[in-house]
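# Please work out how this folds:
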Amino acid sequence: MTAMEYKIEASKEDLDKRGIRHDDLLVQPGQEAEDKWYLVGDWKPPKVGEPVRGKSYYLGQLRLRVRIDDCEKKCKELGINYGDVDDVIAASQLKSSNPVQARYNELADRIKAKEAELGIKSGGLFG
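Predicted coordinates for the structure are as follows:
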């Protein structure tokens, strides 16, 4: 098992413990792409159960979901309302190509603002 595969498995186990879905990042039945003659080298389209995009993107999305869960827990701890985050992102003039990353950024910004308001020096977002 490579280091990346180990990290992917560890992140998946962490998400499973937290009850967070991650199967939407994998190819589902009916989504398979057919192998084309023009695909260069040993590249093959992903099969059912494999990441839709590359392994590094998959790992990044798994880790991002863990961080979002951590942010939501921190928001609850600090009494921050985050129910409107998706609406704020949708109304934003800055359109993100990655709405999951935008959600994390908005939550992190709210936590930093609340910590500054309360005078909390956390040494980092969760340090």
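# Only C-alpha atoms from now on, for both contacts and neighbour counts.
OK.
# Could you list the residues in contact with stretch 2-15?
The contact list for stretch 2-15 (Cα atoms under 8 Å, 6 or more residues apart in numbering) reads Arg21, His22, Lys55, Ser56, Tyr58, Leu59, Leu62, Arg63, Arg65, Val66.
# mind redoing it with 10 Å?
Outside stretch 2-15, the residues that touch it by Cα atoms under 10 Å, 6 or more residues apart in numbering are 1, 16-23, 55-56, 58-66, 69.
# same deal with stretch 84-104?
61, 64-65, 67-72, 82, 105-110.
# how far away is Ile8 from Gln31?
22 Å (Cα to Cα, to the nearest Å).
# ugh, wrong one, Glu50
For Glu50, the distance to Gln31 - Cα to Cα - is 11 Å.
# Between those two, point out the one with more neighbours.
Glu50 (17 against 12; other Cα atoms under 10 Å).
# Let me see the contact set for the more buried one.
Residues in contact with Glu50 (Cα under 10 Å, 6+ apart) are Asp23, Leu25, Leu26, Val27, Gln28, Glu32, Tyr58.
# The residues you listed, buried ones only, as a PyMOL selection?
In PyMOL, a selection of the buried entries from the contacts of Glu50 looks like this (16 or more other Cα atoms under 10 Å):
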select buried, resi 25+26+27+58
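# Sitting in helices, which of the contacts of Glu50 do you find?
In this view, those that belong to helices under DSSP state H are Tyr58.
# Pull out the buried residues from the helix or strand of the chain with the lowest mean pLDDT.
Among the helices and strands of the chain, helix 85-91 carries the lowest confidence by mean pLDDT, DSSP states H and E, at a mean of 81. Within helix 85-91, the residues that qualify as buried are Val85, Ile89, counting by 16+ other Cα under 10 Å.
# right, and the helix or strand after it?
helix 99-118 (DSSP states H and E).
# do you know how far Lys74 is from Asp14?
17 Å.
# shaky segments in this protein?
The chain contains residues with pLDDT under 70 at 34-39, 93-96, 123-127.
# The residue positioned nearest the centre of it is in what secondary structure piece?
With distances taken as Cα atoms, centre = their mean, the residue of the chain nearest its centroid is Leu64 (2.9 Å). Using DSSP H and E, Leu64 sits in helix 55-78.
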